[in-house]
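Novice: I would like to see how this sequence folds:
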Amino acid sequence: KLSINAFDYNCHLDLIKLLRQEGELVKLRRARQKMSELFPLTEEIWLDWLKDEIKMASESSEREKVYELFERAVKDYICPEIWLEYAQYSIGGIGQEGGIEKVRSIFERALTAVGLHVTKGTALWEAYREFENAILETAQPAPGSVPSPEQQQMLCSQLEKIHTLFRRQLGIPLLDMEASYAEYEEWSEDPIPETIVKNYKKALQQLEKCKPYEEALLGAETPKLAEYQAYIDFEMKAGDPARIQLIYERALAENCLVPDLWARYNQYLDRQLKVKELVLSAHDRAVRNCPWTVGLWIRYLLAMERHRVDHGIISEMFEKALNAGFIQATDYVEIWQAYLDYLRRRVDFTQDSSKELEELRSAFARAVEYLKQEVEERFSESGDPSCTIMQNWARVEARLCNNMQKARELWDNIMTKGNAKYANMWLEYYNLERAHGDTQHCRKALHRAVQCTSDYPEHVCEVLLTLERIEGTLEDWDAAVQKTENRLARVNEQRAKAAEKEAALAKQEEEKAEQRKQARAEKKASKKAKKTRIGDKRKADDDDDGEWGQEEEEQPSKRHKGDGDGVLPEEDMEVETGLFGRSGPEKPDRPANQKEKASTSRKDIPKVLHDSSKDNVTVFVSNLSYNMADPEVKLKELFESCGEVAEIRPVFSNKGTFRGYCYVEFKEEKSALQALGLDRKVVEGRPMFVSPCVDKNKNPDFKVFRYSTTLEKHKLFISGLPFSCTKEELEDVCKAHGNVKDIRLVTNRAGKPKGLAYVEYENEAQASQAVLKMDGLTVKEHVIKVAISNPPLRKLPDKPEAGRASQFAVPRQVYGARGKGRTQLSMMPRALQRQSNPVAKAENGMVQNSPATSSEPPEEPKKMSNADFAKMLLKK
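Specialist: Okay, the predicted model is just below:
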């Protein structure tokens, strides 16, 4: 895996773990070395590596390699444990020449790095004092002997070292510093000086100010970003650079993959401390931790230039940036522009030719080619549609090199890349010609602009006329006026045609809307008339003593389209009865008369209007099954876990059937807020939608969609999944490339999967790794597509229709009673069908045929009862 992608962080960890279990020390050392070249290693990885190397180091040459390893470890992150391990390991070499001074040097560096650490700094101070106390014990003269003047001087010097360590420590706010003060009082033969006591009390006061932030960090869960940021703000106000640096380093040790934190730290170092080694080390660690963030690379290049790093090293770092694997095409444009700016600042333009100038031109050409080849092949776009890099190249050639010929060639290339229709591009070129070219080329450019510009032609025409007014001859003026008039006349004609076309489309839409409105009104009136006639016929049929009179029973009313599938039913549905009614046989467990009684009981319930003053304690629940029995009881059981429910108001149609949504009112507002957590909970096989109760007439911009619709670099969008793929199966595939925080399978309103999913990782690095590894992967014989989540903007219709139809951009198809086209399937017996005759529907629901070739108007069909219809069928 690492041979395919060397930047797979988790794969490095897995390999190191396996090699350590197998005891392959040589391969283990090589694996750790490779990982440390690509990434800064965490405290745990370094400590494991150091302990393994310490076990194998016996000779002095091997000890030196361990020292080198420690030096690399303390540069990655500021970790008290590593510094303490380093100091204690160095004590083992105390017998060598200069060993004591080396140990002291390491301790002093450790105190400078982490001695101010409020919770872990005390351990280092105590270890340092123990070391000095051990030296003091060895310097003591033998019992009964008189120390020589040299020994006496050495004893005094050693005692002073220990005194100094105590006094330094007591002036720093550290946890448990009261115990250190008591230890000093017990150890010292003399009273503690007043200045030391004063510094100690001041440090205690400062510790009290720091304690709330330290306690917040102890109680917070990873990554503790908010707590660390509050601590950083506190230290920034105090203004101690050493403490500010330390708290930033502590935050980064736990949040090394947060680019914004690195950016803020590096900005502080660049503007405040300005220490070369410290600044460059922080920038280097930043890009090694977050190589996908182009802003960190740009700041690193600027810092290297600011501290006068060798040109070869800067160029090498830029090449590393190009191979870092940015996730957007525009990132490559930005890094190229930063490097070209650096190269431009190196050139001495007072010379006609130089090595630096040729390098700059070569880099410009390479940048244009790189964006065209490498970037466009990967992202299907160059990331630079306005050709900003070529524009800057042209400005350099014109203004700094006095080479207008090259600048014109570049601008000609820019215009051929689809930019000739934009007025601002032509005016940018015109301004360059105006400043560094001549009037002839200015005039030529504006004439071409008048001809080609399509967005703001009036502005270009005005600029041309202004030029001729100031500098042109009469012939030039006449030519310009004629050209601009002709162009504007064509533009106005095109705009008029477009306006007419738009008006015609708008008129058609209005006519269609009016026709639909009229058709709905006629349909509604027709249904009401049919219901009256059906009732009359049923009454007549009950009195009929014919042979069919005893067998005909009233059929149950037809089920609404969409019952149980989440589609809102129409309030008035057509009822079909008689011999060929489509309702089907009655179910024994719920006969028709029970349904009618239930509907009648619902109809009798008085409608309760929603009280908008209680919106804050009410939630709106939708996408429920229409077949839900007793929705009040069912929903009360669900929502009682959130708090006391005051009322549940299901919404029923005029026929008394449940419409799939309701209002749930609580006693307290916090209960309503807690109820929002039940959004998307599956109820009777469907995801239940729970949203705040908001009057959209008063808040038209209110949205209940809870997911982001913008670019999220730590989240992936996966398409092409098999419908049978579960969340657990997808997690097994994704977790191999990083820590998965959340997975959301996209479903329709009925809860059925759509083959899409969103996968959220802990950070951008893991997400980018997953894209590289998973895109094109086969899951259950389905090839999936994986990309960074960046949903397209939703396009809304310009003129939405009123009512429910406003959510559709095209006119809705007129459906039959079952939702199908009326002519798709004929339910008429073949005995009554006639070939080649169009189907027409009579007023009473019967289907009659009229000759296709007849020019006479069709006869009015005779109205028939169900019994008449059955008798006619038997005769056939």
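
Novice: List the residue ranges of the stretch 451-600 of the chain that fall below the pLDDT cut-off.
Specialist: Scanning the stretch 451-600 of the chain for pLDDT under 70 picks out the ranges 532-600.

Novice: ok, now with 80
Specialist: 530-600 (pLDDT under 80).

Novice: Please enumerate the helices of it.
Specialist: 457-471, 474-543, 592-604 (DSSP state H, counting those that start in this stretch).

Novice: Could you verify that Gly755 is part of a helix?
Specialist: No - judged by DSSP: H, G, I helix; E, B strand; the rest coil, Gly755 forms no part of a helix; its state is strand.

Novice: What's the separation between it and Val771?
Specialist: Counting by CB to CB, to the nearest Å, the gap from Gly755 to Val771 is 18 Å. All C-beta spots, glycine's among them, are computed from the backbone N, C-alpha and C.

Novice: Quick check, Arg167 in contact with Ala203.
Specialist: No - contact criterion CB atoms under 8 Å: Arg167 and Ala203 do not qualify, at 11.2 Å.

Novice: so what's the backbone phi/psi at the residue positioned nearest the centre of the chain?
Specialist: In the chain, the centroid-proximal residue (CA atoms, centre = their mean) is Glu712; its distance is 1.6 Å. Note on Glu712: backbone dihedrals following degrees, to the nearest 10 are phi -130, psi 110.

Novice: other SSEs contacting the helix or strand in which Met317 is found?
Specialist: Following DSSP states H and E, one finds Met317 within helix 311-322. Where contact means 3 or more CB pairs under 8 Å, 6 or more residues apart in numbering; DSSP states H and E, helix 311-322 is packed against helix 294-306, helix 329-346.

Novice: nearest residue to the residue nearest to the centre of the chain other than its sequence neighbours?
Specialist: Ser789 (4.7 Å; CB to CB, 6 or more residues apart in numbering).

Novice: And the pLDDT for the one you found?
Specialist: pLDDT for Ser789: 85.

Novice: pretty sure it contacts Leu711?
Specialist: Yes - taking CB under 8 Å as the definition, Ser789 is a contact partner of Leu711 at 7.2 Å.

Novice: So between those two, which is more surrounded?
Specialist: Ser789 (20 against 12; other CB atoms under 10 Å).

Novice: picking up where we left off before, for the residue nearest to the centre of the chain, give its distance to Ile327.
Specialist: From Glu712 to Ile327 the distance is 11 Å (CB to CB).

Novice: Need the residues touching each of these two.
Specialist: Ile788 (CB atoms under 8 Å, 6 or more residues apart in numbering).

Novice: Can you point out the buried residues in the helix or strand where Arg129 lies?
Specialist: Assigned by DSSP H and E, Arg129 belongs to helix 121-139. Of the residues in helix 121-139, 121-129, 131-132, 135-136 count as buried by neighbour count, 16 or more other CB atoms under 10 Å.

Novice: Which strands or helices does that helix pack on?
Specialist: On a contact count with 3+ CB pairs under 8 Å, 6+ apart, helix 121-139 meets helix 80-91, helix 99-114, helix 149-170, helix 177-187.

Novice: pLDDT of that helix, averaged?
Specialist: Rounded mean pLDDT across helix 121-139 is 92.

Novice: what angle sits between that helix and helix 99-114?
Specialist: Using axes from the mean of the first three to the mean of the last three CA atoms, to 10 degrees, the inter-axis angle of helix 121-139 relative to helix 99-114 is 160 degrees.

Novice: Alpha carbons of helix 121-139, in CSV - could you do that?
Specialist: The C-alpha trace of helix 121-139 is given here as CSV (Å, rounded to 0.1, in the frame of the first residue of the first chain):
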residue,chain,number,x,y,z
GLY,A,121,6.6,21.4,34.2
THR,A,122,7.1,20.5,37.9
ALA,A,123,8.5,17.1,37.0
LEU,A,124,11.4,18.6,35.0
TRP,A,125,12.3,21.0,37.8
GLU,A,126,12.3,18.3,40.4
ALA,A,127,14.4,16.0,38.1
TYR,A,128,16.9,18.8,37.6
ARG,A,129,17.2,19.4,41.4
GLU,A,130,17.6,15.7,42.1
PHE,A,131,20.5,15.6,39.7
GLU,A,132,22.2,18.6,41.3
ASN,A,133,21.6,17.1,44.8
ALA,A,134,23.3,13.9,43.6
ILE,A,135,26.3,16.0,42.5
LEU,A,136,26.3,17.7,45.9
GLU,A,137,26.4,14.3,47.7
THR,A,138,29.4,13.2,45.7
ALA,A,139,31.2,16.5,46.5
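
Novice: And it, how far out from the chain middle?
Specialist: 52 Å (CA atoms, centre = their mean, to the nearest Å).

Novice: who's in contact with that helix?
Specialist: Counting by CB under 8 Å, 6+ apart, 80, 83-84, 87-88, 91, 100, 103, 107, 110-111, 114-115, 151, 154-155, 158-159, 161-162, 165-166, 168-169, 172, 174-177, 180 sit against helix 121-139.

Novice: Give me the neighbour count for Asn10.
Specialist: If we define neighbours as other CB under 10 Å, then Asn10 has 15 of them.

Novice: Show the pLDDT at Gly239.
Specialist: So, for Gly239, pLDDT stands at 93.

Novice: quick one, phi/psi of it?
Specialist: phi 90, psi 10.

Novice: How is the chain partitioned into domains?
Specialist: 40-217, 437-498, 615-692, 715-788 (the TED database).

Novice: before we move on, the earlier item: most tightly packed of the helices of the stretch 451-600 of the chain?
Specialist: Mean neighbour count (mean count of other CB atoms under 10 Å) peaks for helix 457-471 among the helices of the stretch 451-600 of the chain, with a mean of 17.

Novice: so where's the stretch 301-450 of the chain shaky on pLDDT?
Specialist: Residues of the stretch 301-450 of the chain that meet the cut-off, pLDDT under 80, do not exist.

Novice: cutoff 90 now
Specialist: Flagging of the stretch 301-450 of the chain using pLDDT under 90 yields the residue ranges 324-325, 327, 351-353, 377-383, 418.

Novice: Which stretches in it count as helices?
Specialist: Counting by DSSP H, counting those that start in this stretch, the helices of the stretch 301-450 of the chain are 311-322, 329-346, 355-370, 376-379, 388-395, 404-414, 423-436, 439-452.

Novice: okay if I get the ones you listed as TSV plus mean neighbour count?
Specialist: Shown next, in TSV, are the helices of the stretch 301-450 of the chain (neighbours: other CB atoms under 10 Å):
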stretch	mean neighbour count
helix 311-322	14
helix 329-346	19
helix 355-370	16
helix 376-379	13
helix 388-395	20
helix 404-414	18
helix 423-436	19
helix 439-452	18
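
Novice: With distance to Thr222 as new columns, can the ones you listed be given to me in a markdown table?
Specialist: Shown next, in a markdown table, are those (distance: least, CB to CB, whole Å):
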| stretch | distance to Thr222 |
| --- | --- |
| helix 311-322 | 30 |
| helix 329-346 | 28 |
| helix 355-370 | 39 |
| helix 376-379 | 34 |
| helix 388-395 | 41 |
| helix 404-414 | 49 |
| helix 423-436 | 48 |
| helix 439-452 | 58 |
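
Novice: Among these, which comes closest to Leu716?
Specialist: Closest approach to Leu716 among the helices of the stretch 301-450 of the chain (CB to CB): helix 376-379, 16.4 Å.

Novice: Show me how far the closest one is from its chain's centre.
Specialist: Offset of helix 376-379 from its chain centre (CA atoms, centre = their mean): 22 Å.

Novice: Stretch 284-302 too?
Specialist: 21 Å.

Novice: Contacts made by that stretch with the rest, please.
Specialist: By CB under 8 Å, 6+ apart, stretch 284-302 touches 7, 38-40, 76-77, 252, 256-259, 262-263, 265-267, 270, 283, 314, 317-318, 320-321, 324-327, 331-332, 334-335, 338-339, 342, 713, 764-765, 768.

Novice: In CSV, could you pull the C-alpha coordinates for it?
Specialist: Coordinates of the C-alpha atoms in stretch 284-302 are reproduced here as CSV (Å, rounded to 0.1, in the frame of the first residue of the first chain):
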residue,chain,number,x,y,z
ASP,A,284,8.0,23.1,8.3
ARG,A,285,6.0,21.2,10.9
ALA,A,286,2.8,22.8,9.7
VAL,A,287,3.2,21.7,6.1
ARG,A,288,4.3,18.2,7.1
ASN,A,289,1.1,17.8,9.2
CYS,A,290,-1.3,19.5,6.8
PRO,A,291,0.3,19.1,3.3
TRP,A,292,-3.1,19.5,1.6
THR,A,293,-3.5,23.1,2.8
VAL,A,294,-2.1,25.5,0.2
GLY,A,295,-2.1,28.5,2.6
LEU,A,296,0.4,26.9,4.8
TRP,A,297,2.8,26.3,1.9
ILE,A,298,2.5,29.9,0.8
ARG,A,299,3.3,31.2,4.3
TYR,A,300,6.3,28.9,4.4
LEU,A,301,7.7,30.2,1.2
LEU,A,302,7.2,33.8,2.3
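
Novice: Okay then, goodbye and thanks.
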